[in-house]
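Enquirer: how would this look folded up:
(3 chains)
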Amino acid sequence: MSNPVGSLSGDTVYGSRIGMTEDFLERSRSSAEPWDMGDTKLSVETLERGVPGLYLSCFDMLLTEDATWLVKVSEASPTPSVPPTRMEPQEEPEQCPVIDSQEQGLSPGLEGQEEEQSLEQVQSMVVGEVLKDIETACKLLNITPDPIEWNTGNVQKWLLWTEHLYRLPHAGKAFQDLTGKDLCAMSEEDFRQRSPQCGDTLHAHLDIWKSAAWMKERCSVGDPKTTGSEELWSEADSSCSGQPIHLWQFLRELLLKPHNYGRCIRWLNKEKGIFKIEDSAHVARLWGLRKNRPAMNYDKLSRSIRQYYKKGIIRKPDVSQRLVYQFVHPV
DNA sequence: AAAGAGGAGATCG
DNA sequence: CGATCTCCTCTTT
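Expert: Here you go, the predicted model:
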C-alpha cells in the first residue's frame, strides 16, 4: 500500500480498452449457459493465459505507437494530414482506444524538444482513459470505483467483468464470499493461490482500480490539479447521484458515449432527439446488467420504451422506422 | 422472423 | 406507489 499509484504513473499502464466493453457483453448471454469463449478473434489472445506482465503489453504497444507517432509529427510535419492507422473514421468508431483524446494532445504546434512533454501528455491522456474505463465499468456494473467498498456481489461482478474483458478463465468461484476489503487485503500470492491461472492478472487489475481510487481521493482532498483527469470523475457523478436510473436516462447515457456504444445505439438526429438502436439484443443486455435483470431482452425493453409514449418522454418519429425512437424533449 | 402496439398482473425499491 | 418487468395476443414490416 506504499505507493499504489505506481502502477498508473509508471511505464506500465492499463491495458483496458473501452471498446471491449461491448465485446464483453456480447458474450455475456444472460442465460445460464457458461460463457462462450468460443471465438477469440481479437488480438488479446496473449492475455488468455494471464501471463504475468503480458496483460499490459497491449497498452504498451499502444503507447509506443502513439508516442512514435507524436514524435513523427513533431519531427517532420509537412503533412498534418491523417495519422497512419487507427484513425477514427467518420462516425462509426472502430474499437478505437485512447485515441479520441488526440484532439487535445497533438495539435499542430509540437515543436523541437518538447517531446518529453508530449510523452507526459500522452501518459496523462492514458491515465485519463483508464479512469474513463473504470468509470464506464462502474456505471455499467453499478458498482463504486473504490474496491474497498465492494460487497461480495460487487466483487463477483467485477471479476466477471475483468475476466471477460481479458478473456481470462472463469475464476469467480475461487473468490466467492470475499468482499472488496478482503480482496484489497490480499497479496498477489493470495490471488495466485486462489486462481493459479489468472490470479496475478486479476491482482494487477485490482491494483489499477485501487490506484485509481487512491488518486481520486487524493485529488478530491488535496490540490485540484495532478493528472488533469479529475473532471472525469466529477462528470461521473452527474448521472449516478440520484435514485434508480430510468430507462430513458440510461439510453441517453449510452447515446452520449458513441465512442463506446456507437455500434449498438446512436443518434440519427441528435438535435431532434432521434436515435436508432442498432443492436437490440446488445442494448437489452446492457440494460439488464444495469438493472440486475439477467432475463432482460429487447421485447421487454421495448415494452418499457412504449410505456413512455403515454408519458411523453419517448415517441416514435414521424416517419416510423424499425428500432428508431425519438426523445420528445431533446436536450 | 423480428419489430411494434398495448393490456394486464407481478415485482421491486 | 411508480417504474418497470414479465407475459401475452395481435398486427405490421
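
Enquirer: so how far does stretch A:291-306 reach from one end to the other?
Expert: Using C-alpha to C-alpha, to the nearest Å, the gap from the first to the last residue of stretch A:291-306 comes to 18 Å.

Enquirer: and it, which residues are buried?
Expert: A:Met296, A:Tyr298, A:Leu301, A:Ser302, A:Ile305 (16 or more other C-beta atoms under 10 Å). Backbone N, C-alpha and C define where each C-beta goes, glycine included.

Enquirer: quick one: secondary structure of the fourth one?
Expert: Spelled out, that is A:Ser302. For A:Ser302, the assignment made with DSSP: H, G, I helix; E, B strand; the rest coil gives helix.

Enquirer: look up the closest residue to it, ignoring the ones flanking it.
Expert: Leaving aside its sequence neighbours, A:Ser302 sits nearest to A:Ser280 (C-beta to C-beta, 6 or more residues apart in numbering; 7.6 Å).

Enquirer: does the one you found touch A:Lys300 like I think?
Expert: No. Using C-beta atoms under 8 Å, A:Ser280 is not in contact with A:Lys300, being 11.1 Å away.

Enquirer: stretch A:271-282 near DNA strand B at all?
Expert: Yes. With C-beta under 7 Å from any atom of the strand as the criterion, DNA strand B is reached by stretch A:271-282 at A:Ser280.

Enquirer: average model confidence for that stretch?
Expert: On average, the pLDDT along stretch A:271-282 is 95.

Enquirer: quick check: A:Ile305 vs DNA strand B, distance?
Expert: Separation of A:Ile305 from DNA strand B (C-beta to the nearest atom of the strand, to the nearest Å): 7 Å.

Enquirer: again but with A:Pro330, I slipped
Expert: In terms of C-beta to the nearest atom of the strand, A:Pro330 sits 19 Å off from DNA strand B.

Enquirer: go on, A:Asp299?
Expert: Taking C-beta to the nearest atom of the strand, one finds A:Asp299 at 7 Å from DNA strand B.

Enquirer: ditto for A:Leu268
Expert: 12 Å.

Enquirer: ok, A:Arg290 next?
Expert: 12 Å.

Enquirer: quick one: that residue is in a helix?
Expert: Yes. With three-state DSSP as the criterion, A:Arg290 is part of a helix.

Enquirer: test my guess that it contacts A:Ile245.
Expert: Yes. Using C-beta under 8 Å, A:Arg290 is in contact with A:Ile245, at 6.7 Å.

Enquirer: up against DNA strand C, what does chain A have?
Expert: Counting by C-beta under 7 Å from any atom of the strand, chain A sits next to DNA strand C at A:246-248, A:287, A:291, A:293, A:295-296, A:299-301, A:303-304, A:307, A:311, A:320, A:322.

Enquirer: mind redoing it with 6 Å?
Expert: Neighbours of DNA strand C within chain A, by C-beta under 6 Å from any atom of the strand: A:His246, A:Leu247, A:Lys291, A:Arg293, A:Ala295, A:Met296, A:Asp299, A:Lys300, A:Arg303, A:Ser304, A:Gln307, A:Arg322.

Enquirer: A:Gly288 is in contact with the fifth one, correct?
Expert: Yes. Applying C-beta under 8 Å, one finds A:Ala295 in contact with A:Gly288, separated by 7.1 Å.

Enquirer: tell me the predicted confidence for A:Gly199.
Expert: We note a pLDDT of 89 for A:Gly199 in this prediction.

Enquirer: distance of it from A:Gln193?
Expert: Distance, A:Gly199 to A:Gln193, by C-beta to C-beta, to the nearest Å: 7 Å.
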